[in-house]
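> sequence first, predicted coordinates after that:
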Amino acid sequence: MDKKIAKKVLLECLATGGDYAEIYLEDTIKNSIRLMTKQIDDINASHLYGAGIRILKDNAEVYGYTNDVSEAGLLKLARNLRSAYNSKVLISDLKFTDCEVNKHTDFKVLSKDIPNSSKLCYLNTCVDVIKNYSPKIVQAIATFTDETQTVTIANSNGVYKTDVRNHQRVGAVAVASDGKDMQQASNSYGGNFDITAYENYDFKDFALKIAETAVASLEAEDMVGGVYDVVIHNAFGGVIFHEACGHSLEATSVAKDMSVFCGKLGQKIAADCVTAIDDGTIPNEWGSANIDDEGNPTKKNVLIENGILKSYMVDMRNGRRMNTSATGSSRRQSYRFSPTSRMTNTYIANGSSTFEEIIANTKYGLFAKTMSGGSVSPATGEFNFAVGEGFMIENGKLTKRVKGATLIGNGKDTLLNIDMVANNQSFGYGMCGSASGSIPACVGQPTIRVKNMTVGGNGGKK
């Protein structure tokens, strides 16, 4: 799609009174391999190629997509979509502005050009370490997923930009059994980088920690439910903020008045020790990109600073509703989805405490070392999350291992009840599902302590 064709299609879109038109052209190659014990259990490859067209008029939107990306195919889709409007032409000409695209992500080798044999070596390492750790390990699984996505975005604001995204992630699972109980542990490591980034990564240590956790969890006691001070560890512990608070700060919810944080800019919504950021510019990080899916430069957006709500994550369409500018936060799974505001790399910033100080200053509570799945309602902020690996804290020391703990609460209350933040920030990697599909999202935080949190569990019940 050269600029001449893009201009012709966009003007066709605007011929019935639309005030904005956009073309999103995508060429994506995906691969996945799953190794179970020492056998390839599943292998897949796919090629996604097509274009989506969006036309706006004020706050109204019409969207469609096609696999026919010829000039004739794009013009046909444009004519079908423009029939949703019937008023005088507002834009009769446009000019694309030449501008340099940022380089927050850069690659030496694209994943689509790497043979499966190169990817299997990492999976074999993970499976070997897990399987050989203990006779109690009954299953070892490792996966390699990668996606090379090339997008071209052209719109009536004069944007014409191309970006390449090169996501890949290695994940591993260990399943342990003692004949009476079965436990599992998992982890993953990935980024918007090329496979050379794995050359210096210690996959033996990565797999060993997973195996250790699975076997040790067999000895864990059932969590006794109650109200506790809860210490949530770093890395994927940030999923609490992502789910319980992050979604409520996306314009997807805020613009519709369906967020607990609507109308609270400049107000205190968290403890003074909490600063939270969404940053799509971190070099080669899992949620980073050079441009968002509306063609805007990605940004580092400070959401909460010292407890004060500073900004939301805003896409262009919802920005119209909110009378505010877009923040480089518009994302979509593919050309089959209309874009909306989404998180990128979302994290709580480092604080002034150490991990050891937080544990030592907790008389009695729960240490949530790793987190699993959960659910949240952006409208109310109410959430529940399963703790993957947990320990009790007694008199400032980590004691017995517990299982089956569930964290229950409300995002706005949790933010205010954080009273200690450590200085050991790190990231975790996942896929986030919302209105515009499933996208790579990075979560992170240092270790934090939340006072008086409700914890569910089956311990003590007969």
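Okay, I see it.
> tell me where the stretch 151-300 of the chain has strands.
Ranges of strands in the stretch 151-300 of the chain, per DSSP state E, counting those that start in this stretch, are 160-177, 182-191, 221-222, 224-232, 276-279, 300-305.
> for the helix or strand hosting residue 432, which residues meet the burial criterion?
Take DSSP states H and E as the rule and residue 432 turns out to sit in strand 426-434. Residues of strand 426-434 classed as buried by neighbour count (16 or more other Cβ atoms under 10 Å): 427, 428, 429, 430, 432, 434. For glycine as for every other residue, the C-beta is placed from the backbone atoms N, C-alpha and C.
> and if you look at stretch 346-355?
346, 347, 348, 349, 351, 353, 355.
> next: stretch 48-56.
Using 16+ other Cβ under 10 Å as the test for burial, stretch 48-56 gives 48, 50, 51, 52, 53, 54, 55, 56.
> just those residues now: which is nearest residue 446?
residue 48 (37.3 Å; Cβ to Cβ).
> for the closest residue in space to the closest one that isn't next to it in sequence, give me its contacts.
Of all residues not flanking residue 48 in the chain, residue 28 sits nearest, at 4.3 Å (Cβ to Cβ, 6 or more residues apart in numbering). Going by Cβ atoms under 8 Å, 6 or more residues apart in numbering, residue 28 touches 47, 48, 49, 147, 148, 149, 150, 334.
> buried ones among those?
For the contacts of residue 28, a burial check counting by 16+ other Cβ under 10 Å picks out 48, 147, 148, 149, 150, 334.
> tell me which two of those sit farthest apart.
Across the buried ones among the contacts of residue 28 (Cβ to Cβ), the longest gap, 13.2 Å, separates 148 and 334.
> give the contact list for the closest residue to residue 305 other than its chain neighbours.
In this structure, residue 305 finds its nearest non-sequential neighbour in residue 275, 5.3 Å apart by Cβ to Cβ, 6+ apart. Applying Cβ under 8 Å, 6+ apart, we find residue 275 in contact with 302, 304, 305, 306, 348, 349.
> tell me how this structure divides into domains.
Domain ranges of the chain: 3-219, 221-458, per automatic domain parsing.
> let me know which of these is tucked in deepest.
domain 221-458 (a mean of 21; mean count of other Cβ atoms under 10 Å).
> tell me the gap between that domain and the middle of its chain.
11 Å (Cα atoms, centre = their mean, to the nearest Å).
> can you give the distance from stretch 114-124 to the centre of its chain?
Relative to the chain's own centre, stretch 114-124 is displaced by 25 Å; criterion: Cα atoms, centre = their mean.
> and what of stretch 69-81?
On Cα atoms, centre = their mean, the centre of stretch 69-81 falls 33 Å from that of its chain.
> ok, residues contacting it?
1, 5, 8-10, 12-13, 21, 23, 25, 49-51, 53, 55, 62-68.
> if we go to 10 Å?
Stretch 69-81 has contacts (Cβ atoms under 10 Å, 6 or more residues apart in numbering) with 1-2, 4-6, 8-16, 18, 21, 23, 25-27, 49-55, 61-68, 335.
> list the contacts of residue 229.
Residue 229 touches 358, 361-367, 393, 417, 419-420, 449-453, 455, counting by Cβ under 10 Å, 6+ apart.
> what about those, which are in strands?
364-367, 393, 419-420, 449-453, 455 (DSSP state E).
> which of those sit farthest apart?
420 and 455 (17.7 Å).
> chain center to stretch 56-67: distance?
25 Å.
> and the end-to-end length of it?
From its first residue to its last, stretch 56-67 covers 22 Å (Cα to Cα, to the nearest Å).
> could you do stretch 353-366 as well?
18 Å.
> what does stretch 191-209 give?
From start residue to end residue, stretch 191-209 stretches across 20 Å - Cα to Cα.
> what are the boundaries of the helices in the protein?
Remark: helices assigned in the chain by DSSP state H are 3-13, 71-82, 116-131, 203-216, 239-241, 251-254, 316-322, 355-360, 411-417.
> which strands or helices does the last one pack on?
The criterion is 3 or more Cβ pairs under 10 Å, 6 or more residues apart in numbering; DSSP states H and E, and the helices and strands that helix 411-417 contacts are strand 224-232, helix 239-241, strand 382-394, strand 406-410, strand 448-458.
> what of the fifth one?
Secondary-structure packing of helix 239-241 (3+ Cβ pairs under 10 Å, 6+ apart): strand 224-232, strand 345-348, strand 364-376, strand 382-394, helix 411-417, strand 426-434, strand 437-445, strand 448-458.
> flag the shaky bits of this protein, pLDDT-wise.
By pLDDT under 70, the weakly predicted segments of the chain are 461-462.
> so the residue sitting furthest away from the middle of it versus residue 17, what's the distance?
Residue farthest from the centre of the chain, counting by Cα atoms, centre = their mean, is residue 88 at 41.2 Å. Per Cβ to Cβ, to the nearest Å, residue 88 is found 6 Å from residue 17.
> what do you get for residue 77?
To residue 17, residue 77 is 18 Å away according to Cβ to Cβ.
> check residue 166 too.
In this view, residue 166 and residue 17 are 40 Å apart by Cβ to Cβ.
> same thing with residue 402?
For residue 402 relative to residue 17 (Cβ to Cβ), the value is 62 Å.
> what do you get for residue 238?
For residue 238, the distance to residue 17 - Cβ to Cβ - is 45 Å.
> likewise for residue 344?
For residue 344, the distance to residue 17 - Cβ to Cβ - is 34 Å.
> same check on residue 346?
From residue 346 to residue 17 the distance is 38 Å (Cβ to Cβ).
> residue 149 too?
Residue 149 is 33 Å from residue 17, by Cβ to Cβ.
> same check on residue 245?
39 Å.
> what of residue 4?
In terms of Cβ to Cβ, residue 4 sits 24 Å off from residue 17.
> one more: residue 358?
Taking Cβ to Cβ, one finds residue 358 at 59 Å from residue 17.
> now do residue 81
For residue 81, the distance to residue 17 (Cβ to Cβ) stands at 12 Å.
> which residues are in contact with both of the two?
Both residue 81 and residue 17 are contacted by residue 55, under the criterion Cβ under 10 Å, 6+ apart.
> ok, the closest residue to residue 106 other than its chain neighbours - contacts?
Closest residue to residue 106 in three dimensions, ignoring its sequence neighbours and counting by Cβ to Cβ, 6+ apart: residue 284, at 7.2 Å. Residue 284 makes contact with 104, 105, 106, 107, 166, 191, 192, 193, 194, 197, according to Cβ under 10 Å, 6+ apart.
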